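Undergrad: generate coordinates for the sequence data below:
(one chain, ligands or ions: 3)
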Amino acid sequence: MRRSVFIKTFGCQMNAVDSARMFSLMSSAGYLAAPTLEDADLVLLNTCSIREKADQKIYSDLGTLRRWKQRRPGRLVAVGGCLAQQDGEALRARAPHVDIVFGTHNIANLPGMVRKADRSLPTIALGMDEEMTHWDVVPHLPVGAVSAMVAIMQGCDNFCAYCVVPLVRGREVSRRAADILSEIRALAGRGVMEVVLLGQNVNSYGKKEGEIPFPELLRRISAIERIRRIRFITSHPRDLDDRTIRLFEEMETLCPHVHLPLQSGSDRILEAMGRGYTRGEYLSKIDALRKLRPGIAFSSDFIVGFPGETEDDFRETLSVMGEVRFDSSFSFRFSSRPGTRAAEMKVMVDPMEAAERLRRLQELQAMHTRERLTTQIGREVTVLVEGTSARDPGMRCGRTACNKTVNFTPGSSVGAIRSILVTGAGTHSLVGAERTSDA
Ligand code: SAH
Ligand code: SF4
Ligand code: F3S
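TA: Ligands and ions are numbered 1, 2, ... in the order given. Alright, predicted model coming up:
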């Protein structure tokens, strides 16, 4: 009987793409996808270590997997991704039932590590030699997918004071443009109409390698037949340049939504974080984008309670939010990560105070999100139909170019681009009805 693998992915889209590669590799090695953990012979945790909470969740899962393994002989546990890279040997010391610990640059040899584990030989593979051989592995694409994520780079050179990513993902490396373009051409041939380009700092794409610049990469992707929508995450506010900004005016395939993590609205805190931009510079890029593409949507990431953050600093963050009125945002309480500069900083914010700031920020964001969604009521929006609505199987769901989820009736087939009249707004999504004509 063929063996099966169950993959659980934590963290960001980078990990999601790596998991899709891991599945491709295991599938070529003869493994099937296990529908549930209980059906699986091999479980693969693709981990994240961005905040302490992520670590705790993974170690708690590993506890459960010890009993899972004991229930049937021959079962294997493999742990990859950022926490595996960070904790390495220590992870196996804490969870000796783990058969394979593999880092973020050690994906390509996964089937070989599994074969060894079958012979009771554990592996710990953590080398960061920057040889990104796993980039040659085509990520598994679910049947009928119309949107796909494409990693264009890996790692980060920014070393923001709080962030563990450069430590666990290594230095920034960009993929060759020719490889990215051929992956996207192949995706388009399989019905994909939207690509989401992934990197920790997409605006510095190719600079180190002397590859074509990011705006040129966007142009070439836009020229690929059948690609109707291009998105990218994440833009760094310091590196988002005029050429890329201008493309929002010229290039229709470039979706009018920019995720631009601000982190803090206080210049003093931005400086301490080592972000490399001021509140004023950030706002002027937002203004420029709004002028060139009216109606463009913005989302952001925020950290509250960074060491030394005062009530006044925090109010600066709220005031930028008031100016921009982000469509949505992710916000987190500062979490001290081993090996980062912020972990050495002495003036800590009281955790209760930080929790209260987070609550205030999220309350303001909820208000802005509601406001941004309700302005859509009565308008016609263009939606790429992605599947069946999670709330109601009789409805379809899709996303607008501005990245808003819309649930609607009746129900065009997946992959259609339709004009939808927005009739209502929920907390995070819109409700609408389909117009008969094609957009
Ligand atoms: N490359 C992206 C962010 C990747 S991490 C960028 O530069 O914006 C995703 C988000 O996690 C960050 O934007 C930040 O808001 C949050 N984050 C990262 N490290 C954190 C920490 N130590 N504590 C709390 N939040 C953190
Ligand atoms: Fe982390 Fe900063 Fe790099 Fe983003 S840009 S991944 S926050 S170090
Ligand atoms: Fe987490 Fe690694 Fe992504 S730390 S957020 S999975 S790059």
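Undergrad: in stretch 424-435, what counts as buried?
TA: Applying a neighbour-count criterion of 16 or more other C-beta atoms under 10 Å, one finds 425, 429-432, 434 buried in stretch 424-435. (Each C-beta comes from the backbone N, C-alpha and C, glycine too.)
Undergrad: check contacts around the residue in the stretch 151-300 of the chain positioned nearest to ligand 1.
TA: Of all residues in the stretch 151-300 of the chain, Pro261 sits closest to ligand 1, at 3.4 Å by C-beta to the nearest ligand atom. Residues near Pro261 by C-beta atoms under 8 Å, 6 or more residues apart in numbering: 234, 236-237, 300-302.
Undergrad: for Pro139, same thing?
TA: 17, 20-21, 23-24, 148-149.
Undergrad: what kind of secondary structure is it in?
TA: coil (DSSP: H, G, I helix; E, B strand; the rest coil).
Undergrad: hang on, the earlier thing: so which of the contacts of Pro139 comes closest to Gln362?
TA: Lowest distance from Gln362 to the contacts of Pro139 (C-beta to C-beta) belongs to Met149, with 26.5 Å.
Undergrad: now do the same for that closest one: its pLDDT.
TA: On the pLDDT scale, Met149 is placed at 97.
Undergrad: and the residue of the protein nearest ligand 3?
TA: Residue nearest to ligand 3 within the chain (C-beta to the nearest ligand atom): Gly11, separated by 2.6 Å.
Undergrad: count of neighbours near that residue?
TA: By other C-beta atoms under 10 Å, 20 other residues sit near Gly11.
Undergrad: which residues touch Val165?
TA: Each residue near Val165 by C-beta under 8 Å, 6+ apart is listed here: 50, 82, 155-156, 200.
Undergrad: distance check, it against Phe332.
TA: Distance of Val165 to Phe332, computed by C-beta to C-beta, to the nearest Å: 14 Å.
Undergrad: again, but for Ile286
TA: Distance of Ile286 to Phe332, computed by C-beta to C-beta: 21 Å.
Undergrad: again, but for Gly88
TA: Distance, Gly88 to Phe332, by C-beta to C-beta: 25 Å.
Undergrad: need phi/psi at the residue of the stretch 151-300 of the chain closest to ligand 1.
TA: Pro261 adopts backbone torsions of phi -60, psi 120, taken as degrees, to the nearest 10.
Undergrad: give me the pLDDT for it.
TA: Model confidence at Pro261, expressed as pLDDT, equals 98.
Undergrad: likewise Ser437?
TA: Model confidence at Ser437, expressed as pLDDT, equals 52.
Undergrad: for Met128, same thing?
TA: Looking at Met128, its pLDDT stands at 89.
Undergrad: check contacts around the closest residue to Lys57 other than its chain neighbours.
TA: Spatial nearest neighbour of Lys57, chain neighbours left out: Phe10 (7.2 Å); criterion: C-beta to C-beta, 6 or more residues apart in numbering. By C-beta under 8 Å, 6+ apart, Phe10 lies in contact with 45-48, 54, 57-58, 81, 83.
Undergrad: cool, and Ala288?
TA: Neighbour list for Ala288: 242, 245 [criterion: C-beta under 8 Å, 6+ apart].
Undergrad: what parts of the stretch 51-200 of the chain come near ligand 3?
TA: By C-beta under 6 Å from any ligand atom, the residues of the stretch 51-200 of the chain that approach ligand 3 are 81-82, 164-165, 168-169.
Undergrad: in its sheet, what does the helix-or-strand element of the chain with minimal mean pLDDT sit against?
TA: Sorting the helices and strands of the chain by mean pLDDT, DSSP states H and E puts strand 429-438 at the bottom, at a mean of 80. Sheet pairing here is set by DSSP bridges, and for strand 429-438 it gives strand 405-409 (parallel), strand 417-425 (antiparallel).
Undergrad: got the contact list for that strand?
TA: Strand 429-438 has contacts (C-beta under 8 Å, 6+ apart) with 373, 376-377, 380-381, 383, 396, 400, 404-412, 416-425.
Undergrad: can you list the domain ranges for this structure.
TA: 4-125, 141-255, 380-434 (automatic domain parsing).
Undergrad: which of the ones you listed has the lowest mean pLDDT?
TA: Per-segment mean pLDDT for the domains of the chain reaches its minimum on domain 380-434, at a mean of 90.
Undergrad: so how far is it off the chain centroid?
TA: Remark: domain 380-434 is offset 22 Å from the chain centroid, using C-alpha atoms, centre = their mean, to the nearest Å.
Undergrad: report how many residues lie close to Gly144.
TA: Neighbours around Gly144, by other C-beta under 10 Å: 12.
Undergrad: actually Gly305, sorry about that
TA: Close neighbours of Gly305, defined as other C-beta under 10 Å, add up to 21.
Undergrad: for it, what are its contacts?
TA: 333-334, 349, 351, 353-354, 357-358.
Undergrad: 7 Å instead?
TA: Residues in contact with Gly305 (C-beta atoms under 7 Å, 6 or more residues apart in numbering) are 333-334, 349, 354, 357.
Undergrad: over to Val414?
TA: By C-beta under 7 Å, 6+ apart, the residues touching Val414 are 144, 146, 385-387.
Undergrad: which of those has the most neighbours?
TA: Counting neighbours by other C-beta under 10 Å, Val385 comes out on top of the contacts of Val414 with 23 neighbours.
Undergrad: Three-state assignment for that residue, please.
TA: Here Val385 is recorded as strand under three-state DSSP.
Undergrad: just the one 5 residues further on next, same as before
TA: The three-state label for Ala390, taken from three-state DSSP, comes out as coil.
Undergrad: for it, the count of nearby residues, please.
TA: 11.
Undergrad: switch to numbering from 521
TA: With 521 as the first residue, the last one maps to Ala910.
Undergrad: any idea how far the closest residue to it other than its chain neighbours is from Arg795?
TA: Leaving out its chain neighbours, the residue that sits closest to Ala910 by C-beta to C-beta, 6+ apart is Cys917, at 7.0 Å. Distance from Cys917 to Arg795, counting by C-beta to C-beta: 35 Å.
Undergrad: interface residues of the protein facing ligand 2?
TA: So far as C-beta under 6 Å from any ligand atom goes, the chain lies against ligand 2 at 676, 678-680, 683, 685-686, 720-721, 756.
Undergrad: what about 5 Å?
TA: 676, 678, 680, 683, 685, 720 (C-beta under 5 Å from any ligand atom).
Undergrad: just those residues: which are in helices?
TA: Counted as lying in helices by DSSP state H, out of the residues of the chain next to ligand 2, are Val685.
Undergrad: among the residues of the chain next to ligand 2, name the buried ones.
TA: Among those, those classed as buried by 16+ other C-beta under 10 Å are 676, 678, 680, 683, 685, 720.
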